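[1] kindly generate the corresponding structure for this input.
(chains A and B)
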Protein chains: 2
Amino acid sequence: MSAPVRVGVVGLGTVGSGVVRLLVESADHITRHAGRPIVVERAVVKDVAKERSVPVPGGKISSDIRDISQDPAISVAVLLVGGLEPARSMMIELLEHGKDVVTANKALLAEHGPELFELARKLGRSIAFEAAVAGGIPIVAAIGECLAANRIESIRGILNGTSNFILTRMEEDGADYADVLKLAQAKGFAEADPSMDVDGTDATQKLAILAHLAFGVWVPWAEISRTGIDGLDLDLLKYAGELGYRIRLVAVASRSDGRLAMRVAPALVRIGTPLAETRGAYNAVSIVGDAVGRMFFHGLGAGQMPTASAVVADIIDTVVGRAAITFRTTGVLESDTPAAKISDTAVLERHFLRIRVKDQLGVLSKITGTLGEHGISIASVIQHDVSGSSDAGVPLVIMTHACDSSAVQKAVAAIDTSDVVRGKSVCLSVLEE
Amino acid sequence: MSAPVRVGVVGLGTVGSGVVRLLVESADHITRHAGRPIVVERAVVKDVAKERSVPVPGGKISSDIRDISQDPAISVAVLLVGGLEPARSMMIELLEHGKDVVTANKALLAEHGPELFELARKLGRSIAFEAAVAGGIPIVAAIGECLAANRIESIRGILNGTSNFILTRMEEDGADYADVLKLAQAKGFAEADPSMDVDGTDATQKLAILAHLAFGVWVPWAEISRTGIDGLDLDLLKYAGELGYRIRLVAVASRSDGRLAMRVAPALVRIGTPLAETRGAYNAVSIVGDAVGRMFFHGLGAGQMPTASAVVADIIDTVVGRAAITFRTTGVLESDTPAAKISDTAVLERHFLRIRVKDQLGVLSKITGTLGEHGISIASVIQHDVSGSSDAGVPLVIMTHACDSSAVQKAVAAIDTSDVVRGKSVCLSVLEE
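    As a prediction, this is how the structure comes out:
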């Protein structure tokens, strides 16, 4: 048996505590996989006085990152602090003092990935980040290693558990967005400030990281077209259901004609397909590779122990040397990868429109006429007999045949200027498989 | 750029040709992932005269395994010969001459795994075998590396694409087993002799390998309880459908109270759950780990390019050195792992019974009485009004509440001796999630 590897943990929030717990409680099992014991030597936290649910073995806990970076006994640092600063400075400090780093901070990598990867490479260190995307789902390893023989054609993912929890509860309980959001906060599935989750930022940052691994290009996450679930209402979910679909917040990246199409937006997914059957706080990723065909992964995308599972797998990979090899040989992580030409859709898709109209003669004809002028043909229409809904208008739901997304957007903009339309129309893409 | 790595390919059947094609056609892409070019130096085949769909670069093709084993330029050998011999002797020859081996031969590993792994370890070589289980799904890496921090609690898989193709076609087309089997053979989804697929042997061998990785024990595959799909008829699928289920050939391994419960058998899976939504030649694996919770993987489990994708990923892993690390550090592959105490079920499950009875007064009472005597309570019964079916009997379909599998088997044995019962009854487990 080799000597133990000593690990420093930076941040003892939910995930940090889970990592310490797993390293302690599953020590025998982890030792067998790593070929040597892995022990937590020290934790660095913001507030040393705060009570911890999991004791750090040996009780070494302090608030100065240098207690880890400058401890020669520690070879692997686990950075579980969220946000950009001080996380970025801490990562640099750790790398510069010779530590290999494992992190779950997707915002940091989406924002400063190229700079940090380049620094690590220059210093001969590794950064492992399986836990940064889709929690317990080993999607980083799948793309970077297991599917390495494939040219990836497309990625579709449900990457934000909070949004998916809210959409599933709305759909299953017939509850309003605001009520479900409160429930999610009470249950710990949503933060006190859930805006990064529900506005699509979190999913977009994860998509940027996956696209980097899959396509070898660096896409600044803020350039990716992004719509959250915060504009959805229960009626939209009901109409989608009537047509045989559910609504999911779907992150999409696909390659065609040398362009990369990327977006994060709510979309209709057909009931019975894997994305539609992804419920609650689960995440899912569907990948198409030129050799392997369509692969689908499903698992818990957040939460203490699923994320800790991914972090500890990365610690083991780092200890045994696999992480260093992957980081060194996987060319896609290099910072001189080309910036991608991106657009928000690649192919012709069906679209789902919800337009609120005045309940008067000739409205349907007028709207379908506008769609026709933009070359958009209609697959089906739902207009229920709604009484007493004068002010908000009567909802008119249209499913188009496959068409160009920009043509639909132009048509909807034209429709929304009409005096028979009440409020802004909703336009969602439809994913058939 | 480092010097090229030279690979020898043994066997140019479907998968072997796919591997050569992928290494040639995606050379740039693979070089980027491996950090150096990977070239096919030579192929060894049984029949040199046979025409090949994919030319071996340089045209070096011969029939003597020593042309690869004794070529010092070749460092990695890809063994894509099926069956036990000469595959076993070839693997030994290659290892003894210092080659790292990549293989897709699950029968060989299920039969001779401990011996071959021990030899490789002793010689400081590696054996990589991602392609041996579930084709393109990276399940070997997932269990051995990505979920390394977890104690695996259970594995459930659809591991045989041929059986799944047949069941899906029967269910969707309302076609008989024999007709669909012929279709599967015509389409290339079933071999001319499909017995190893449809009798559950193939799935059982794969389950033995997965259980070895997940639970660290060696289970001789022939000791695992095994039932194929060859005894199923269309009526069973229809009744399952009426109750809200589909029938799938499910491989199960789960841990409880120090025992390992393993079996391969057709089972009812609830419509809407991932295993039920696994159609056609797809494979699926659901794993529960103590930290990560339930993970689900879905992808093409066989076929030329999906399997080649897994083989080439293993070649890359071997070239960059990850395979050697995994093989060295993953203790679960050691041959002195304990033989497992296995049983065929772990927990109480619902059961689905189809009993053919004489259409006469008191039959239902008699059968439910026998079930009651064995402590089995009934959740639902289907008996349709069938006219003119005197000889074969009238089908009586019973869904039990959760109960012990051995009690059900005893009850069914007792029922089958009754003079009101025609033929042998069918008893299938029901998997609710």
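
[2] give me the neighbour count for A:Val56.
    19 (other CB atoms under 10 Å in any protein chain shown). (Glycine included, C-beta is placed from N, CA and C.)

[3] that one contacts A:Glu41, correct?
    No - with contact defined as CB atoms under 8 Å, A:Val56 does not count as touching A:Glu41 (9.0 Å).

[4] show me what from the stretch 101-250 of chain A comes close to chain B.
    A:130, A:136-138, A:141-142, A:145-151, A:216 (CB under 8 Å from any CB of the partner chain).

[5] may I have the strands that pair with the helix or strand of chain A with the lowest mean pLDDT, each with its orientation?
    Taking mean pLDDT, DSSP states H and E as the measure, chain A has strand A:342-343 as its least confident helix or strand, at a mean of 70. Taking DSSP bridges as the criterion, strand A:342-343 forms sheet pairs with strand A:259-270 (parallel).

[6] mind checking what helix or strand follows the partner strand in sequence?
    Once the chain leaves strand A:259-270, the next helix or strand it forms, by DSSP states H and E, is strand A:282-289.

[7] that following strand and chain B, any residue contact?
    Yes - Strand A:282-289 lies within reach of chain B by CB under 8 Å from any CB, at A:Gly289.

[8] any low-confidence regions in chain A?
    Chain A contains residues with pLDDT under 70 at A:1, A:330-341, A:344-346, A:386-391.

[9] show me the domain layout of it.
    Here the domain assignment for chain A is A:150-301, A:350-431, based on automatic domain parsing.

[10] excluding covalently adjacent residues, which one is nearest to A:Gly293?
    B:Leu300 (4.7 Å; CB to CB, 6 or more residues apart in numbering or on different chains).

[11] surely A:Asn160 touches A:Asp199?
    No - A:Asn160 is beyond contact range of A:Asp199, at 10.0 Å (criterion: CB under 8 Å).

[12] looking only at neighbour counts, state which of these two leads.
    Neighbour totals were compared for A:Asn160 and A:Asp199, and A:Asn160 leads with 30 against 19 (other CB under 10 Å).

[13] can you get me a residue count around the residue nearest to A:Asp404 when sequence neighbours are not counted?
    In space, and not counting its chain neighbours, A:Asp404 is closest to A:Leu348: 6.1 Å by CB to CB, 6+ apart. As a burial measure, A:Leu348 scores 12 neighbours (other CB under 10 Å).

[14] distance of A:Leu348 from chain B?
    A:Leu348 sits 25 Å away from chain B, going by CB to the nearest CB, to the nearest Å.

[15] do A:Thr368 as well
    Using CB to the nearest CB, A:Thr368 is found at 35 Å from chain B.

[16] check which helix or strand that residue maps to.
    Per DSSP H and E: helix A:363-373 holds A:Thr368.

[17] distance between that helix and the chain's centre?
    Its chain's C-alpha centre and that of helix A:363-373 lie 37 Å apart, by CA atoms, centre = their mean, to the nearest Å.

[18] go on, stretch A:36-47?
    28 Å.

[19] check whether it contacts chain B.
    No - Stretch A:36-47 lies apart from chain B when judged by CB under 8 Å from any CB; the minimum separation is 8.8 Å.

[20] after the least confident helix or strand of chain A, which helix or strand is next?
    Using DSSP H and E, the next helix or strand after strand A:342-343 towards the C-terminus is strand A:350-357.

[21] got the angle between that next one and helix A:363-373?
    140 degrees (axes from the mean of the first three to the mean of the last three CA atoms, to 10 degrees).

[22] what about the helices in the stretch 51-200 of chain A?
    Here the stretch 51-200 of chain A has its helices, by DSSP state H, counting those that start in this stretch, at A:66-69, A:87-96, A:106-123, A:139-141, A:161-173, A:177-187, A:195-198.

[23] and among the ones you listed, the most buried is which?
    Comparing those by mean neighbour count (mean count of other CB atoms under 10 Å in any protein chain shown), helix A:139-141 comes out on top with a mean of 26.

[24] rewinding a little: which two in the residues of the stretch 101-250 of chain A next to chain B are spaced the farthest apart?
    The largest separation in those, counting by CB to CB, is between A:Gly136 and A:Arg151 at 26.7 Å.

[25] tell me which of the domains of chain A sits most buried.
    Comparing those by mean neighbour count (mean count of other CB under 10 Å), domain A:150-301 comes out on top with a mean of 21.

[26] measure that one end to end?
    The first and final residues of domain A:150-301 sit 24 Å from each other (CA to CA, to the nearest Å).

[27] how far out from the middle of the chain is it?
    That offset, for domain A:150-301, works out to 7 Å (CA atoms, centre = their mean).

[28] and for stretch A:368-387?
    Per CA atoms, centre = their mean, the centroid offset for stretch A:368-387 relative to its chain is 33 Å.

[29] can you pull the contacts of the nearest residue to A:Gly82 once chain neighbours are set aside?
    Nearest non-adjacent residue to A:Gly82, counting by CB to CB, 6+ apart: A:Asn105, 6.0 Å away. Taking CB atoms under 8 Å, 6 or more residues apart in numbering or on different chains, we find A:Asn105 in contact with A:Leu79, A:Leu80, A:Val81, A:Gly82, A:Gly83, A:Ala87, A:Phe129, A:Ala132.

[30] would you mind measuring from A:Asn105 to chain B?
    Distance from A:Asn105 to chain B, by CB to the nearest CB: 19 Å.

[31] quick one: that residue and A:Gly113, what's the gap?
    10 Å (CB to CB, to the nearest Å).

[32] repeat that for A:Ile152.
    Remark: distance between A:Ile152 and A:Gly113 (CB to CB) = 18 Å.

[33] burial of the closest residue to A:Met90 other than its chain neighbours, as a residue count?
    Spatially, and ignoring its direct neighbours in sequence, A:Met90 is nearest to A:Ile65 (5.0 Å; CB to CB, 6+ apart). A total of 21 residues lie near A:Ile65 under the criterion other CB under 10 Å.

[34] wait, isn't A:Ile65 in contact with A:Leu94?
    Yes - counting by CB under 8 Å, A:Ile65 touches A:Leu94, with 7.3 Å between them.

[35] which residues are common contacts for these two?
    A:Val10.

[36] A:Ala324: how many residues sit nearby?
    19.

[37] meant to ask about A:Glu432, not that
    Around A:Glu432 there are 11 residues (other CB under 10 Å).

[38] for it, grab phi and psi.
    Phi and psi for A:Glu432, reported as degrees, to the nearest 10, are phi -80, psi -20.

[39] tell me the SS of A:Met305?
    Under DSSP: H, G, I helix; E, B strand; the rest coil, A:Met305 falls in the helix class.

[40] quick one, what contacts the residue nearest to it when sequence neighbours are not counted?
    In space, A:Met305 comes closest to B:Ala291 once its chain neighbours are excluded; the distance is 4.3 Å by CB to CB, 6+ apart. By CB under 8 Å, 6+ apart, B:Ala291 lies in contact with A:Gly18, A:Leu22, A:Ser26, A:Gly136, A:Met305, A:Pro306, A:Ala308, A:Ser309, A:Val312, B:Ala149, B:Asn150.
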